[in-house]
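Engineer: predicted structure and sequence below. I'll ask about it afterward.
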2 protein chains.
Amino acid sequence: MISKETVKHLKQLQEKKYRREFNEFTVEGVKGVSEALESKMTVALIVIDGKLRDRDDMREIIKLADSLEVATEFCGRLDIDNIKTTETFPGVIAIVETPDYGSVDLADNSPIIALSGLKDPGNLGTIIRTADWFGIKNIILGEDTVEPYNPKVVRSTMGSLFRVKIFESNNIVQTISNLKDKQNYAVVALDMAGKNLTEMKSPKKTIYIFGNESHGLEPKLDNLITERYTIPGRGGAESLNVAVAAGITMSRIMSD
Amino acid sequence: MISKETVKHLKQLQEKKYRREFNEFTVEGVKGVSEALESKMTVALIVIDGKLRDRDDMREIIKLADSLEVATEFCGRLDIDNIKTTETFPGVIAIVETPDYGSVDLADNSPIIALSGLKDPGNLGTIIRTADWFGIKNIILGEDTVEPYNPKVVRSTMGSLFRVKIFESNNIVQTISNLKDKQNYAVVALDMAGKNLTEMKSPKKTIYIFGNESHGLEPKLDNLITERYTIPGRGGAESLNVAVAAGITMSRIMSD
């Protein structure tokens, strides 16, 4: 059965400081764990509800883990309350090593999404999932953006966290400046005061920046921005949800 | 100060059965309450944190409420735990009468969004907000869709609930059949097995249907559907979040 140390470690990984300290995070559920195993990331350990070990989907996971030499432990009912990150434990959780991508993958000059000051885990997860859908490979996160290995983010990416490269910048102004000056990227801001999005041309080497849910883009980014666009509305709402705005923008740039 | 009956009633309105029984719901926060007062809906009562009664934004609300002959009560710290619907009470909550729109507003033949089996309050709220942004006037909700007056939905509409007409159908097949047969509406499904969305023509008299987050559209709707479209992807994600898919679709139909 599962060791006390593993239970303690899983509980720790619910906190950001320990995720940082150990460079690990968790993913729950059959789909998420399977996608982690199938991804390029390194899975450190899988914990399965002992009662479910003979269920077909769990046997598949155990088989896959074995073939990759990933350790599997089984837990009892009493352990679950300590390790689950959702109300209802879906029967399986994995510890995954936080990937270090080194730098943005510029190989095909494809568009990059940058998020500065985004605070809602669901919004970040949804944006990662949408980027994966449209085949966008890189997302840059500013230093004041919600952490991508937060369990709520992991859950709402629906497995896309294992396919899209997420760069956590310590200084988004610096990161974007470098891409602009040294790699000739254009920097497009999506906010409330730009030109009509339908007029936007979508050259490949472009970074599309989205800001905070309530306050939009911070002034520190102003000097970097080459163009500003707005999604044209004609109703009463003051703004769009940022994940919806990002979705509309990605749909626009990836369908050209 | 606030009466025990008001505290009890506000607490009751956190439950769906009482919202149904009293035909009332609540909205929290300065922006939401202000928009409720400014809307065509009837506000039954406003409750303000007594400590904040002299803050400028609260004075504005009190003034507006007075001009509309809406009663205002003040509550103490101890009442707040019983009436708040979020972790942090934003200082003001209103009781609003659930509107009865009678029937779908067909006046200008504008597109209609229909949601069947949607379960996540955040997704519904975001879709209502997006519809408001793009100027879509009518949303039809199927009988198995999350209730629009759930506090989480109300919050995530960011005030748009007070502008978009929401029809709760008891029988979505019947409601859509009627619009199709008697009013000549086309019925377009957005799902995973349709033609490329970029090929879609967007005539005005069209109902766009979206289904459940996990299971998509129910078979009972199949016979009603005149065309099916899919948002073209090229990455690894299995699907898009339904609020993002609805946003991309609304952007497409309202920018023609």
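Structural biologist: Structure received.
Engineer: now do the same contact list for A:F22.
Structural biologist: A:9, A:12-13 (CB atoms under 8 Å, 6 or more residues apart in numbering or on different chains). Just so you know, the C-beta spots here come from the backbone N, C-alpha and C atoms, and that holds for glycine as well.
Engineer: can you list contacts of the lowest-mean-pLDDT helix or strand in chain A?
Structural biologist: Lowest mean confidence among the helices and strands of chain A (mean pLDDT, DSSP states H and E): helix A:77-83, at a mean of 84. Here helix A:77-83 makes contact (CB under 8 Å, 6+ apart) with A:2, A:7, A:10-11, A:47, A:49, A:51, A:75, A:89, A:93.
Engineer: return the subset of these lying in helices.
Structural biologist: A:7, A:10-11 (DSSP state H).
Engineer: which of these lies closest to chain B?
Structural biologist: Among those, A:K11 lies closest to chain B (CB to the nearest CB), at 22.2 Å.
Engineer: burial check on the closest one, number of neighbours?
Structural biologist: A:K11 sits with 16 neighbouring residues when counted by other CB atoms under 10 Å in any protein chain shown.
Engineer: likewise for A:E97?
Structural biologist: Residues near A:E97, counting by other CB under 10 Å: 14.
Engineer: hang on, isn't it packed against A:A44?
Structural biologist: Yes: using CB atoms under 8 Å, A:E97 is in contact with A:A44, at 6.0 Å.
Engineer: so what sits against both of the two?
Structural biologist: With CB under 8 Å, 6+ apart, A:E97 and A:A44 have common neighbours A:E24.
Engineer: find the nearest non-adjacent residue to A:R129, please.
Structural biologist: A:S160 (4.4 Å; CB to CB, 6 or more residues apart in numbering or on different chains).
Engineer: drop anything exposed from the contacts of A:F22.
Structural biologist: A:9, A:13 (16 or more other CB atoms under 10 Å in any protein chain shown).
Engineer: quickly find the element holding A:I62.
Structural biologist: helix A:56-67 (DSSP states H and E).
Engineer: okay, buried residues for that helix please.
Structural biologist: Result for helix A:56-67 [16+ other CB under 10 Å]: buried residues A:58, A:61-62, A:64-65.
Engineer: and for stretch A:197-211?
Structural biologist: A:197, A:200, A:206-211.
Engineer: now for the contacts of helix A:77-83, which pair is the farthest apart?
Structural biologist: A:K11 and A:K51 (20.5 Å; CB to CB).
Engineer: quick check on A:T72: phi, psi?
Structural biologist: Backbone torsions of A:T72, given as degrees, to the nearest 10, read phi -120, psi 130.
Engineer: run through the residues that contact the nearest residue to it once chain neighbours are set aside.
Structural biologist: In this structure, A:T72 finds its nearest non-sequential neighbour in A:I46, 4.7 Å apart by CB to CB, 6+ apart. Counting by CB under 8 Å, 6+ apart, A:I46 touches A:33, A:37, A:61-62, A:65, A:70-73, A:92-95.
Engineer: same deal with A:G235?
Structural biologist: B:131-136, B:160, B:163-164.
Engineer: element containing it?
Structural biologist: Counting by DSSP H and E, A:G235 is found in no helix or strand.
Engineer: can you tell me the closest non-neighbouring residue to it?
Structural biologist: B:G135 (4.0 Å).
Engineer: again with A:T145
Structural biologist: Counting by CB to CB, 6+ apart, A:L118 is the residue found nearest to A:T145 once chain neighbours are left out, at 4.8 Å.
Engineer: how close does that neighbour sit to A:I248?
Structural biologist: From A:L118 across to A:I248, the span is 16 Å (CB to CB, to the nearest Å).
Engineer: more crowded one of those two?
Structural biologist: Legend: neighbour count by other CB under 10 Å for A:L118 and A:I248, higher for A:I248 (25 against 21).
Engineer: show me what contacts that one?
Structural biologist: A:197, A:231, A:240, B:247-248, B:251.
Engineer: just confirm it is within a strand.
Structural biologist: No: applying DSSP: H, G, I helix; E, B strand; the rest coil, one finds A:I248 to be helix, outside a strand.
Engineer: pull up the gap between it and B:Q183, please.
Structural biologist: 29 Å.
Engineer: up against chain B, what does the stretch 101-250 of chain A have?
Structural biologist: With the criterion set to CB under 8 Å from any CB of the partner chain, the stretch 101-250 of chain A comes near chain B through A:122, A:126, A:129-136, A:156, A:158-160, A:163-164, A:198, A:231-241, A:243-245, A:247-248.
Engineer: and the ones in helices among the contacts of helix A:77-83, which is closest to A:V188?
Structural biologist: Nearest to A:V188 among these is A:L10, at 40.9 Å by CB to CB.
Engineer: A:I62 touches A:E73, doesn't it?
Structural biologist: No: with contacts counted by CB under 8 Å, A:I62 stays clear of A:E73, the gap being 10.9 Å.
Engineer: now list whatever residues contact both of the two.
Structural biologist: In contact with both A:I62 and A:E73: A:46, A:48, using CB under 8 Å, 6+ apart.
Engineer: contacts made by the lengthiest strand in chain A with the rest, please.
Structural biologist: Longest strand in chain A, counting residues (DSSP state E): strand A:186-196. For strand A:186-196, contacts defined as CB under 8 Å, 6+ apart pick out A:176, A:180, A:197, A:200, A:203, A:205-211, A:216-217, A:221, A:224-232, A:239, A:245-246, A:249.
Engineer: all helices of chain A, in order?
Structural biologist: Using DSSP H, helices in chain A cover A:4-12, A:16-22, A:30-38, A:56-67, A:77-83, A:121-134, A:151-157, A:172-183, A:242-254.
Engineer: any chance of JSON lines for those, columns distance to A:I113?
Structural biologist: Listed next are those as JSON lines, based on distance: least, CB to CB, whole Å:
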{"stretch": "helix A:4-12", "distance to A:I113": "31"}
{"stretch": "helix A:16-22", "distance to A:I113": "22"}
{"stretch": "helix A:30-38", "distance to A:I113": "20"}
{"stretch": "helix A:56-67", "distance to A:I113": "31"}
{"stretch": "helix A:77-83", "distance to A:I113": "32"}
{"stretch": "helix A:121-134", "distance to A:I113": "6"}
{"stretch": "helix A:151-157", "distance to A:I113": "13"}
{"stretch": "helix A:172-183", "distance to A:I113": "12"}
{"stretch": "helix A:242-254", "distance to A:I113": "7"}
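Engineer: how about A:I93, what does it touch?
Structural biologist: A:10, A:26-28, A:33, A:46-47, A:83-85.
Engineer: how far away is it from A:L68?
Structural biologist: 17 Å.
Engineer: tell me the spacing between A:I83 and A:V33.
Structural biologist: Applying CB to CB to A:I83 and A:V33 gives a distance of 13 Å.
Engineer: so between those two, which is more surrounded?
Structural biologist: Neighbour count, other CB under 10 Å: between A:I83 and A:V33, A:V33 has more, with 29 against 22.
Engineer: what's the closest non-adjacent residue to the more buried one?
Structural biologist: Per CB to CB, 6+ apart, closest to A:V33 is A:A94, 4.5 Å.
Engineer: mind listing what that neighbour touches?
Structural biologist: A:A94 neighbours (CB under 8 Å, 6+ apart): A:26-28, A:32-33, A:36-37, A:43-47.
Engineer: how about A:E60?
Structural biologist: By CB under 8 Å, 6+ apart, the neighbours of A:E60 are A:S34.
Engineer: ok, A:Q14 touching A:T85?
Structural biologist: Yes: counting by CB under 8 Å, A:Q14 touches A:T85, with 5.8 Å between them.
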